[in-house]
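[1] I need the structure of the sequence given here:
(3 chains)
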Amino acid sequence: MRTFINVQDIGPLEKAMAEAFEIKNDRYKFQHLGKNKTLMMIFFNNSLRTRLSTQKAAMNLGMNVIVLDVNAGAWKLETERGVIMDGDKSEHLLEAIPVMGCYCDIIGVRSFAGLTDREYDYAETVLHQFIKYSGRPVFAMETATVHPLQAFADLITIKEWWRVEGGGLMENSHPVEGILPPPSTLHLQPKPKVVLTWAPHCRALPQAVPNSFAQWMQADKDIDLVITHPEGYELDPQFVAGARVEYDQKKAFEGADFIYAKNWSNPGVTNPADYGKITCNDRSWTVDAEHMSWTNNGKFMHCLPVRRNLIVTDDVIESPNSLVIPEAANREISCSVVLKRMLEAL
Amino acid sequence: MRTFINVQDIGPLEKAMAEAFEIKNDRYKFQHLGKNKTLMMIFFNNSLRTRLSTQKAAMNLGMNVIVLDVNAGAWKLETERGVIMDGDKSEHLLEAIPVMGCYCDIIGVRSFAGLTDREYDYAETVLHQFIKYSGRPVFAMETATVHPLQAFADLITIKEWWRVEGGGLMENSHPVEGILPPPSTLHLQPKPKVVLTWAPHCRALPQAVPNSFAQWMQADKDIDLVITHPEGYELDPQFVAGARVEYDQKKAFEGADFIYAKNWSNPGVTNPADYGKITCNDRSWTVDAEHMSWTNNGKFMHCLPVRRNLIVTDDVIESPNSLVIPEAANREISCSVVLKRMLEAL
Amino acid sequence: MRTFINVQDIGPLEKAMAEAFEIKNDRYKFQHLGKNKTLMMIFFNNSLRTRLSTQKAAMNLGMNVIVLDVNAGAWKLETERGVIMDGDKSEHLLEAIPVMGCYCDIIGVRSFAGLTDREYDYAETVLHQFIKYSGRPVFAMETATVHPLQAFADLITIKEWWRVEGGGLMENSHPVEGILPPPSTLHLQPKPKVVLTWAPHCRALPQAVPNSFAQWMQADKDIDLVITHPEGYELDPQFVAGARVEYDQKKAFEGADFIYAKNWSNPGVTNPADYGKITCNDRSWTVDAEHMSWTNNGKFMHCLPVRRNLIVTDDVIESPNSLVIPEAANREISCSVVLKRMLEAL
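    Alright, predicted model coming up:
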């Protein structure tokens, strides 16, 4: 595997899940693969979960890790040719990126959407510069439009909690430490209903998480995905193509096994001028106990960080049906699979 | 060991000292304990010695280390329930702390006193949140009211320099590299007189270091502790209970074997309104050669960083009787013992 | 080896080159040397290449690495004795540096020239404080007047690209991965003409890179060095003694095999009042295709980062004759040799 951006990059999902479960049962099993291999993590934006879980996954695999925090304001790279560089940009990407590639074997990049120029964001300019010029395998640690490590972890979490026999949800224990259904039976289970729901927020957020979540859920033929959001918040067709959209949040929630809440700013699909803006503030979309009562005793998921009582109420996120912590713990697992694949292909 | 905050957490001091000397003689002896174990160091405040010595100790033990610098201003955690989080706090501690616990095996926390709210500081709010919600063993890397890694290193230093036979101080060599009295004889020696003395400073400093120093010295029945400070600077009774306080600095110094200088702001014990304030600026408390002449050729100690000619004069800190560097070197040893204990109990 | 500042520190260059090639062919060969050894990298100034390549080299050698970013503004060390430290300096170097030495085995220091006080800069004050007080081997990671890791990497690059038989340049492949001339034949080749040329820049830059480059090229008797720069930009005699200076850039370039471009501010050799100033802005010195046409199909080198179309035009730096990326890659190799030598001498 040379890049990890979209769900297609990971190949057949059943095989990826099997590897995830294998690693979760023994997360140091592939430690030999990383010997004398170096991961470089490049952050153009802040990170807590991604930084920690990716570093942990790399160390589990025996890799060395170099973390580079690029203050987006301080380190401006020139990207054009022909410019006389006598301004504030002290280095050209055509030198900076190949040099970074010299000192490592695999590169992870975090680079958020600016939310002002849709075309630039959706072209994934920074990510593709690293792919093109670094000479190394590159994976997205949340970029302008995707967060595949999160979506992969979400899928692992759903598989863990969806009971194999007869279909239905596991109840009483958090399977954080390696109690998992045998991978070979995963495809036999009935489909869980998974609902991706928009929720209100006070700041304009990127679409990376919902884009990837929709893409990964759609790619799994054993999942029944429904997306619900206010009108005008339609996600980009390249990620949701074929997914059922239900504008009535209550109808969407009915019978749901998993509720995946997330805010995103206007994707500008319906009206390009709205891109990156907050065009809805309707707090009736906040997921509370009444919302959850519409579901089939559904589990609650969120990628974190989450603003309580805006996205979700205290009682819902603290309830036994909340999976937010096991979901975060699975970030270590999804990243381990990605790094293992990249190490094997070096 | 699940927490390391107070001297009681380390158990019998003779056993802890024996382990410290064992590690100092071979600091890589327990390297197998840390294999595939991860220490997460979380800094809400700056650090030099603690950061470096803790990282070194963890690496000596074969651990992986993740360092997280939390700019206290930038990462505000919501701590209340029921709040609609549409302000400047983007994450609730009830999610943030368990997630950090997901990616590591042991957590170290640095979180200084704010020095404005005595009750909040002395409740050790941040530290106890990590203990309660992280699911991991937690140790203090200087918190609001304690600095036990420093006090433990101080005790190691005093034991090293107090000559076994007959009692008295070692003279001619810095025993930095493993020349130590045999632990079995430690309890036979006469008691050294150890003086904790307040000294002036230009900024308001926490009481964490003197609190822990007093607590650890009091816990060692082979040490004769005297505390001296201006009236009104009484330390919290939970840390100094039973210690002799002598307001006359000269009387306190007479016959002392070890002088431990430190500034602290007003602890607010006598007058709660004075908490965290500088209520004395008397520079006659600065430890100079005349002060040291009152002692029994005593050794000078300070936890560093130290402001020269305010806390102590150049000639005293540079004299052969100054132990400040070997004392700092022992931070690696005290932390190694703590991590070893926590690893053994995982 | 206890210090690495000047070319003399590395000993005979042929032996150093042989070690460099040995390490490039198997960069993990000496991994046993670094077991349980810790490198502390101390940055008073920003770094990309040096930080990454040094960390990589240390990890190749099996070392632990601690990185300390000292914001030059935030951590002011008192350096004088007798000062009452009640101002903005919270620690004295006489404590800070020995303490840092306690927690590591080897120290790397980056500390740039201030460019206002020539005497202070050329005394290498900060570097020599670390050498004197840390008790550890110390190497320069670019200091006020030298950048020997860069010059060493430059020399490795020139040796790689200079064809052994008959003399002349290698053409068709970047020998980044270990295809090197046998070291034993290196001294048999004819001398390449290497030109260090000043080039214009919009900010005042230190002389560290040209100083070290001149020193290292002069030390290699198989290299024919010519230096060209505007009048008044003469480099310090201690670094260039004996080198040919040609003020006519075109004459200097004629027949050159390697062009090494670099800006530096006025060294203040001719006129001390000019020290650190930009006294020439002549853009005719920018290295473009016409400049390169004067050479013997010469290779282009620069230490990076480089401001394009100010130092060098896009077409020259992107041409097949540009060695800037292999040159940066060799930073890992030069640093590996230095750390190997220091580890062997511990």
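[2] excluding chain neighbours, give the residue nearest to whichever residue of the stretch 101-250 of chain A sits closest to chain B in space.
    The minimum distance from the stretch 101-250 of chain A to chain B, using Cβ to the nearest Cβ, falls at residue A:202 (4.0 Å). Where C-beta positions appear, they are placed from N, C-alpha and C, glycine not excepted. Using Cβ to Cβ, 6 or more residues apart in numbering or on different chains and skipping the chain neighbours, the partner closest in space to residue A:202 is residue B:86 (4.0 Å).
[3] and the gap between that neighbour and residue B:80?
    Relative to residue B:80, residue B:86 is positioned 14 Å away (Cβ to Cβ, to the nearest Å).
[4] which one of these two is surrounded by more residues?
    The neighbour count for residue B:86 versus residue B:80, taken as other Cβ atoms under 10 Å in any protein chain shown, is higher for residue B:86 (14 against 11).
[5] so who does the closest residue to residue A:129 other than its chain neighbours touch?
    Nearest non-adjacent residue to residue A:129, counting by Cβ to Cβ, 6+ apart: residue A:93, 5.5 Å away. By Cβ atoms under 8 Å, 6 or more residues apart in numbering or on different chains, residue A:93 lies in contact with A:77-79, A:129, A:133.
[6] among those residues, which are located in helices?
    Counting by DSSP state H, these place A:129, A:133 in helices.
[7] if any of the contacts of residue A:93 are buried, put those into a ChimeraX selection.
    Typed into ChimeraX, the line below selects the buried ones among these, using 16 or more other Cβ atoms under 10 Å in any protein chain shown:
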select /A:77,78,129,133
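[8] reformat the contacts of residue A:93 as TSV; add pLDDT and distance to residue C:55.
    Conversion of the contacts of residue A:93 to TSV gives the following (pLDDT from 0 to 100; distance: Cβ to Cβ, whole Å):
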residue	pLDDT	distance to residue C:55
A:77	81	21
A:78	89	26
A:79	84	27
A:129	94	23
A:133	95	21
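[9] show me the two of the contacts of residue A:93 that sit farthest apart.
    Across the contacts of residue A:93, the longest distance by Cβ to Cβ is 13.2 Å; it joins A:78 and A:133.
[10] can you pull the residues of chain A lying near chain C?
    Residues of chain A that fall close to chain C, judged by Cβ under 8 Å from any Cβ of the partner chain: A:36, A:38, A:40, A:64, A:66, A:68, A:78, A:81-87, A:90-92, A:94-96, A:98-100, A:102-104.
[11] inside helices: which ones of these?
    Among the residues of chain A next to chain C, DSSP H puts A:94-96, A:98-100, A:102 in helices.
[12] what packs against the lowest-mean-pLDDT helix or strand in chain A?
    Lowest mean confidence among the helices and strands of chain A (mean pLDDT, DSSP states H and E): strand A:77-78, at a mean of 85. With contacts taken as 3 or more Cβ pairs under 8 Å, 6 or more residues apart in numbering or on different chains; DSSP states H and E, strand A:77-78 sits against strand A:91-92, helix A:93-102.
[13] so which of those gets nearest residue A:206?
    helix A:93-102 (21.9 Å).
[14] next, the buried residues of that closest one.
    For helix A:93-102, the neighbour count (16+ other Cβ under 10 Å) marks A:93-102 as buried.
[15] kindly reformat those as TSV and extend each row with pLDDT.
    TSV is the format used below for the buried residues of helix A:93-102 (pLDDT from 0 to 100):
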residue	pLDDT
A:93	89
A:94	93
A:95	95
A:96	93
A:97	95
A:98	96
A:99	95
A:100	95
A:101	96
A:102	96
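[16] low-confidence ranges, the stretch 1-150 of chain A, go.
    A:71-75 (pLDDT under 70).
[17] 50 - rerun?
    Scanning the stretch 1-150 of chain A for pLDDT under 50 picks out A:72-74.
[18] in it, which spans are strands?
    Under the criterion DSSP state E, counting those that start in this stretch, the stretch 1-150 of chain A contains strands at A:3-4, A:38-43, A:64-69, A:77-78, A:91-92, A:106-110, A:138-140.
[19] gap between the least confident helix or strand of chain A and the chain center?
    28 Å (Cα atoms, centre = their mean, to the nearest Å).
[20] each with direction, which strands does it pair with?
    strand A:91-92 (parallel) (DSSP bridges).
[21] contacts for the partner strand?
    Strand A:91-92 is contacted from outside by A:75, A:77-79, A:85, C:48, C:304-308, using Cβ under 8 Å, 6+ apart.
[22] quick check, central residue of chain A?
    residue A:150 (2.7 Å; Cα atoms, centre = their mean).
[23] how many neighbours does the nearest residue to residue A:85 once chain neighbours are set aside have?
    Distance criterion Cβ to Cβ, 6+ apart; nearest residue to residue A:85, sequence neighbours excluded, is residue C:307 at 3.8 Å. For residue C:307, the neighbour count with other Cβ under 10 Å is 25.
[24] same check on residue A:289?
    Using other Cβ under 10 Å, residue A:289 is surrounded by 11 other residues.
[25] and the residue of the stretch 201-346 of chain A nearest chain C?
    Chain C sits closest to residue A:346 of the stretch 201-346 of chain A, with a gap of 13.2 Å, by Cβ to the nearest Cβ.
[26] any chance of the buried residues of helix A:93-102 in CSV, with distance to residue C:17 too?
    As requested, the buried residues of helix A:93-102 are arranged in CSV below (distance: Cβ to Cβ, whole Å):
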residue, distance to residue C:17
A:93, 32
A:94, 30
A:95, 26
A:96, 28
A:97, 29
A:98, 25
A:99, 23
A:100, 26
A:101, 25
A:102, 20
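[27] between those residues, which is nearest chain B?
    Among the buried residues of helix A:93-102, residue A:100 lies closest to chain B (Cβ to the nearest Cβ), at 21.1 Å.
[28] and for the nearest residue to residue A:268 once chain neighbours are set aside, the neighbour number?
    With sequence-adjacent residues excluded and distances taken as Cβ to Cβ, 6+ apart, residue A:268 is closest to residue A:275, at 2.9 Å. A total of 21 residues lie near residue A:275 under the criterion other Cβ under 10 Å.
[29] looks like residue A:275 contacts residue A:234 (just checking).
    No. In this structure residue A:275 lies outside contact range of residue A:234 using Cβ atoms under 8 Å: 11.9 Å.
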